[in-house]
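1. Generate coordinates for the sequence data below:
(chains A, B, C and D)
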Protein chains: 4
Amino acid sequence: EDNEGGTVLNDLLADLARVNNSRDRASKLFQWLIHPIPAKAFFRDTWEKKPILIRHQNPDYYKGLFSTAEFDRILREDDVQYGVNLDVTSYTNGKRETHNPPGRALPFTVWDFYSSGCSLRMLNPQAFSSTVWNFLAILQEQFGSMAGANVYLTPPGTQGFAPHYDDIEAFVVQLEGKKHWRVYNPRSEDEVLPVNSSRNFSQSEIGKPMLEVVLEAGDLLYFPRGFIHQGDCLPDAHSLHITVSSYQKNSWGDLLAKLVPAALGVAMEEDVEYRQGLPMDYLTYMGVQNSDKEDPRRERFLSRMGGLIQKLAGYAPVDAAVDEKAKEFLHDCLPPALSPEEQASSVQGASTRWGNGRPLNVAARICSQTRVQLIRSGCARLCSDGEVIQLFYSTDNSRVYHKEGLKSFEIKLECADAIEFLIHSYPKFVTVQSVPCDSTEEKIALAEMLFEKGIIRTAEPL
Amino acid sequence: EDNEGGTVLNDLLADLARVNNSRDRASKLFQWLIHPIPAKAFFRDTWEKKPILIRHQNPDYYKGLFSTAEFDRILREDDVQYGVNLDVTSYTNGKRETHNPPGRALPFTVWDFYSSGCSLRMLNPQAFSSTVWNFLAILQEQFGSMAGANVYLTPPGTQGFAPHYDDIEAFVVQLEGKKHWRVYNPRSEDEVLPVNSSRNFSQSEIGKPMLEVVLEAGDLLYFPRGFIHQGDCLPDAHSLHITVSSYQKNSWGDLLAKLVPAALGVAMEEDVEYRQGLPMDYLTYMGVQNSDKEDPRRERFLSRMGGLIQKLAGYAPVDAAVDEKAKEFLHDCLPPALSPEEQASSVQGASTRWGNGRPLNVAARICSQTRVQLIRSGCARLCSDGEVIQLFYSTDNSRVYHKEGLKSFEIKLECADAIEFLIHSYPKFVTVQSVPCDSTEEKIALAEMLFEKGIIRTAEPL
Amino acid sequence: EDNEGGTVLNDLLADLARVNNSRDRASKLFQWLIHPIPAKAFFRDTWEKKPILIRHQNPDYYKGLFSTAEFDRILREDDVQYGVNLDVTSYTNGKRETHNPPGRALPFTVWDFYSSGCSLRMLNPQAFSSTVWNFLAILQEQFGSMAGANVYLTPPGTQGFAPHYDDIEAFVVQLEGKKHWRVYNPRSEDEVLPVNSSRNFSQSEIGKPMLEVVLEAGDLLYFPRGFIHQGDCLPDAHSLHITVSSYQKNSWGDLLAKLVPAALGVAMEEDVEYRQGLPMDYLTYMGVQNSDKEDPRRERFLSRMGGLIQKLAGYAPVDAAVDEKAKEFLHDCLPPALSPEEQASSVQGASTRWGNGRPLNVAARICSQTRVQLIRSGCARLCSDGEVIQLFYSTDNSRVYHKEGLKSFEIKLECADAIEFLIHSYPKFVTVQSVPCDSTEEKIALAEMLFEKGIIRTAEPL
Amino acid sequence: EDNEGGTVLNDLLADLARVNNSRDRASKLFQWLIHPIPAKAFFRDTWEKKPILIRHQNPDYYKGLFSTAEFDRILREDDVQYGVNLDVTSYTNGKRETHNPPGRALPFTVWDFYSSGCSLRMLNPQAFSSTVWNFLAILQEQFGSMAGANVYLTPPGTQGFAPHYDDIEAFVVQLEGKKHWRVYNPRSEDEVLPVNSSRNFSQSEIGKPMLEVVLEAGDLLYFPRGFIHQGDCLPDAHSLHITVSSYQKNSWGDLLAKLVPAALGVAMEEDVEYRQGLPMDYLTYMGVQNSDKEDPRRERFLSRMGGLIQKLAGYAPVDAAVDEKAKEFLHDCLPPALSPEEQASSVQGASTRWGNGRPLNVAARICSQTRVQLIRSGCARLCSDGEVIQLFYSTDNSRVYHKEGLKSFEIKLECADAIEFLIHSYPKFVTVQSVPCDSTEEKIALAEMLFEKGIIRTAEPL
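-> Numbers count the residues shown, from 1 in each chain, chains lettered A, B, ... in the order given. Prediction:
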């Protein structure tokens, strides 16, 4: 992959690679994305609240993130499949169509579709572009929620999609050309921050836009989930943009969906009030067919029910439910995109290799003086279901979404503190010796195991 | 089935058949079961609280409910399958075993097992005995929860089961011979009114009995779920008892298990607070690995979570959740056991028949002056999922548990009031004319449909 | 069930119960069915060849087999379900319709359908009528293939079914009233003895009938599978007939479908010619795209292929394949309908019973002098898969088709001769002592086990 | 992938790329593999018959096919997963073990296993090495059956696998170091050309080797399926070899398994003898329990059965069954590895690309004068199930076995001749104009479609 060096973005990414703390990298990258608005102000005033347009007056501001040349290279070199990695769409005279043939998408057919007025949507550019991978892998630590992306290439004078809203926070990054965007308020209170994406709307259903703008290369348009939007190309220019997304199913309610059944389980075990029988006659005054009845027993029943729901709060295993969310996030995560220095000091770039008819540098080994660090702040997480302690980690994930299952291994009780120590020490490097295990052998064995799975790296190459 | 007439029970059942309201039948029958304790006192002081022994000093008090002669008749005439309808068990020297061969249980092999000291448990006597069916079908209306039964026949000097507790309220009705019972308190607070039955205990695990008694024919022993129990036969007499059970999975918590996810669904739809994103950094201070951290953000997070749980009470669709429980109950229900009068005035006993080479009495038809009544108080229930209104009913159920699926049909919106009128009119007979439908044709069509499904009967045979 | 005694059929069935060999019973009953045609002539000239009409000039000839009064009794007393046990149909103006509502079929609704001109088809009368059960259970031994039956009741002046052909040999037994039948030759060679039943035909597709007749009570109409037929009622009389069927999927080809893959398996194991590789270039001259090529390699390939197919005959495990068919037949079989004498001398009627507070006659036991006989000629079959020997049997089957799985148990190698001896001794009674087992204990244990499963009976009641 | 040029193999592959007919390429490459033995003699005397050792006295003879350096590069650059792409094994003191950890196989851990004496088996080197892919993709056309490969790397002085036989023809190509091999005759006639691979044998089960040899770099060892083998390293040298395999489940019997049930289906449709009923009494004299009976009916039954089997040959749809095998082969096939010239004249290398803000060379199009050729002799196949004609093709396959489903599309009846013409014209280039379709538009449309799927290429780049 030939990402041209020397761009604003490439210089930034090179700088970030030297920042020791991946959470700092994430906030710096995000700040750059929405520059010049301070992130703090953005999250206070704009995030999940309203659209915003940021003009950089610099067509090269986002240069190097992605390009149509890169798109073409990917079609040529990688196994891009229609319908899986690439959608061919059109929206003409109010009619939205998909034109995917079966099989591999090669330039010969893709550019033919484009030339006849179809839009192209690449569904997971991070699997094909190292820069997009790196970009999103950093950003996911900012959001604490999966960062995804689609790339959209639209021919001049066309529109590829009907007006609709999505279930994610969207950052539209204009990379080439320009695009005319119209954004509309949610149609009702119920569609503010909606749980699911909408169907395609007709123009008559969506009213007047609350924002209308021509996005030019280097500009950014953000809008929260629920804001209806549509973009079309001017007659004189194609458009290439990448939409970075996050916060899909990451609401308080999504956490409650894990927490509330667990809370009820705990309450049933610990509190006999939840195990007591229902009133014998409740079916005669409760239920839809009795809902209009005036009956003091209804009041009493509803009141007791309400009390039991409220009391659930006291039984809610919040940390365990958060860990369920965290495990989903770890499964969704992109694997870390390592800098050359990180590579060299981790299992991925270890110097062990074949040479002269035998393996070389096999002896390179962690010892008690080796200093180690988690390879990313949130790349591993210690969870417990009450019986077994497990370490879940994202370093073996694929760049293809959910291609691998969620990875984990069991941690012996006596090693849990050691793992917690390593996690909480981040971003500090600590010696293997300082890890709280019973013996030096155990310390080294634990460190080797974490190193082999790519979870920790060493301060110096082994 | 040759149930001897003239017993206390048969006279009672004949009397009950003349009681117009099935809920009254149910409470009268239950009162007779626990006589001389008043039901009100029983439910206040004993139900779900503690065991009680009731001695009737009359070996014939429960006569006619079931007998070993009936057991033998059933084996001979019905298709009783080992492992499905009948278990052969033993408990000797602390070891509990099951001895079921495959295939049909015929007297030749069953009595051979019994003679060699095995206990026999008939699992659903209501499928084979009309009296047990009638008895339980009435009682289920008292409990508002499925009433089940097992029959236990134990040879002299033996025990068939290890000490254990069950997940149901148990009424042990001694029918023949006598049995030595020991009942023990729940072993801990957690096992008071437990959700699930226990494993078999060893004698050393259960301590001293809180009640020890020899039950004789005509006696009753009640104990709540969670009370450990074991019974063994004296050397000089066999024992036959039937255990009537109810209130399995019928607690407040069981209802909450249906209600709470529905409440969250409503809250997600109606209240944007539930749809708002989680804090971006919550994974760094919440979760098991952070649970020991002092961090004000943890307090804030827990507090908001708690508030959202408590606020769920305001969104809880209690009537809809009760209807879910009600539907389960309707599916569990025994079909009504009709008296000859009921039979004659319902579809089951309609006079239409074949004779002289053609159908006779086909003309017998419901008209607007026909007076009708639900055949049982709770045999049908009007429910709505917000879109479709359905009438669920138990009259087509089988005497075999869940042999049929839950039956229902859709009710047009304009007929819902008519159905509700019929349900709420119970036990009064009302004319078809008085039912609130648009036209006389519709009234008659609705009544015919309900009559054909056995849901209503007429005041006089058609 | 109130089958009137004293009819021709009931007298015959009583006589047959005294015939010791169930195969003789079967041939006598079949001879009576087709009387006065000799069975030998029938099977030589008519069976699988052409329709035949047999007039008995006696409306009571088949009386007692089934009646509309019995139909009505069954609706009243048994759980007949629409769509499962009963179909309501009509064929009017060339349109065939089914009118089954859901749920139980009670006289009130059934006779209403009939009165409005619908035909009624009862699908498995043998489950409800003891006489039909007995009749078919005997006949199945004649056919060596499942004997089934449907009952058809048609109102005057109507037709219930469109013209079609079936996949079974059909014996139409007219029980009441009369019916006008038209039978048509198979439409082509391909539809002679067809594998599957046909769709409904229109009148224009079937040509002229080869047989047209009014069937009257006491008459019989036979036609082979593939012969198209339709029957309609005259304006002045209803019709009740029962169609007895057999030989569904019982052709040489059906046996070959089991045999041929097994033969190939044996050939692959035993003959290296079948394991040798295909010619490397065969894909270039074989296959549909090459089928028009003149190529000597095609001839050679086809010739070798043909040789290998023909050689399969030498590897065909015919007896094992027949046993697969036999096992299917055993699974399809009705259980034997026992005469009172058979009942009394088998496990079903053993005298063991409960009385006076304890089991009576438990001591009645098989001893070495007890004389035993298979309860039916073909009720059990010894099969082997090369490793395990199993005895398959039909005595635990249900009167409801395939309600029970195929029953079997493993036979120890040293008992196989004993079982074979018992099977081949039929219909002779033999003493337990004479059975070739190692010890008297084993002989008695084996006999007891077969007795308990209902496979053998004793010469005298135990 | 850095395959060094200038080796014998690379020069050969470059030469082969200039051979116009892929079948010729295949036979030339195979001839080179077994040089100096003439292929004709090899297939006549050795193939499927006996092992053979070929010494090239040139350690570089197979150089460039694969190397341990390539192995190391693949571990570093590709996603090699333990258990999926790589096995770590050992065979010590008669005990065979597998040591795969979960997750990705990186040099750090892989070379550690190797250093501690474990063998490494790479399961599908063709997915990682372009040369192996090219090599096997050519050879599969020689065999007409999938050509697969495993690579084995063994440390000095160790053995990685227990003695066993395989179900494929094996060509062991020694690439580096040397290995001591022992080959044993099949243990019995039944294990000659076996259908399935064996379990691991102990040394005592396999007797004396029929061939014992030290294979050195540049040597080849061939042995047929069924020949037991084991290889171990001398103390002074590691060993790297690749085993090329083919002819798995490619025997006459495998084809018969598709053909024989189809033949029976045809016979059942066309020949009434197969649809005639079985003799009514056959269950009484056939079957295992009757197999010792002397009964003339057995003879007659067996004779008729045998006749029907033999007659099946006349109904066998051989070409259709061959097409079923052919479709399996097309699914198993590696996609063609294109030479630069082929690339440039096919859809994969078409000049259409993005440049200067728009697609370039979109106009390049097939016209009636364009000369086209199938890209490989066997890359597409026309099949018919009697109703629909389909073209199956392998050009969209993945280098990963069965990662893609078998690809096909329907061919209109009027285009079938055109496709057949193109297939049978191979290797000649033909003009689009010369293809037998109704109109020039159709000819071009068909050619474009085949070109877009990679099935045909043009004589000159478009």
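
2. for chain B, what are the nearby residues on the stretch 301-450 of chain A?
-> A:301-302, A:304-306, A:308-310, A:312-313, A:316, A:318-320, A:322-323, A:325-326, A:329, A:377-378, A:381-384, A:420, A:423-424 (CB under 8 Å from any CB of the partner chain). Every residue, glycine included, has its C-beta placed from N, CA and C.

3. Sitting in helices, which of these do you find?
-> A:301-302, A:304-306, A:308-310, A:312, A:318-320, A:322-323, A:325-326, A:329, A:420, A:423-424 (DSSP state H).

4. Can you tell me how far A:Lys258 is from A:Gly265?
-> Computed with CB to CB, to the nearest Å, the distance linking A:Lys258 and A:Gly265 is 12 Å.

5. and what of A:Thr46?
-> From A:Thr46 across to A:Gly265, the span is 39 Å (CB to CB).

6. cool, A:Asn85 as well?
-> Here A:Asn85 is placed at a distance of 41 Å from A:Gly265 (CB to CB).

7. of these two, who's got more company?
-> A:Asn85 (21 against 16; other CB atoms under 10 Å in any protein chain shown).

8. got the contact list for that one?
-> A:105, A:122-124, A:127-128 (CB atoms under 8 Å, 6 or more residues apart in numbering or on different chains).

9. with the residues you listed in mind, which one is nearest to D:His238?
-> A:Ala127 (36.5 Å; CB to CB).

10. wait, that closest one sits on A:His402?
-> No - with contacts counted by CB atoms under 8 Å, A:Ala127 stays clear of A:His402, the gap being 11.9 Å.

11. Looking at these two, which is more packed in?
-> Neighbour comparison, A:Ala127 and A:His402: the larger count goes to A:Ala127, with 19 against 10 (by other CB under 10 Å).

12. Skipping its backbone neighbours, what lies nearest that one in space?
-> A:Arg399 (4.6 Å; CB to CB, 6 or more residues apart in numbering or on different chains).

13. What helix or strand is that neighbour located in?
-> Under DSSP states H and E, no helix or strand contains A:Arg399.

14. Likewise for A:Thr284?
-> A:Thr284 belongs to helix A:282-285, assigned by DSSP H and E.

15. do A:Leu120 as well
-> Counting by DSSP H and E, A:Leu120 is found in strand A:119-122.

16. Pretty sure A:Leu136 sits against A:Ser245.
-> No - with contact defined as CB under 8 Å, A:Leu136 does not reach A:Ser245; the gap is 9.6 Å.

17. who touches both of the two?
-> Counting by CB under 8 Å, 6+ apart, the contacts common to A:Leu136 and A:Ser245 are A:147-149.

18. tell me the phi and psi of A:Tyr177?
-> Actually, residue A:177 is Gly rather than Tyr. phi 60, psi -150 (degrees, to the nearest 10).

19. which ones are touching the residue nearest to A:Ala127?
-> Contacts of A:Arg399 (CB under 8 Å, 6+ apart): A:124, A:126-127, A:133, A:334-335.

20. possible to save those residues as TSV with pLDDT and secondary structure?
-> Listed next are the contacts of A:Arg399 as TSV, based on pLDDT from 0 to 100; DSSP: H, G, I helix; E, B strand; the rest coil:
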residue	pLDDT	secondary structure
A:Asn124	95	coil
A:Gln126	98	helix
A:Ala127	98	helix
A:Trp133	98	helix
A:Leu334	98	coil
A:Pro335	98	coil
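
21. most surrounded residue in the residues you listed?
-> Neighbour counts for these peak at A:Leu334, which has 25 neighbours (criterion: other CB under 10 Å).

22. what's the closest non-adjacent residue to it?
-> Once flanking residues are discounted, A:Leu334 sits nearest to A:Ala137: 4.2 Å by CB to CB, 6+ apart.
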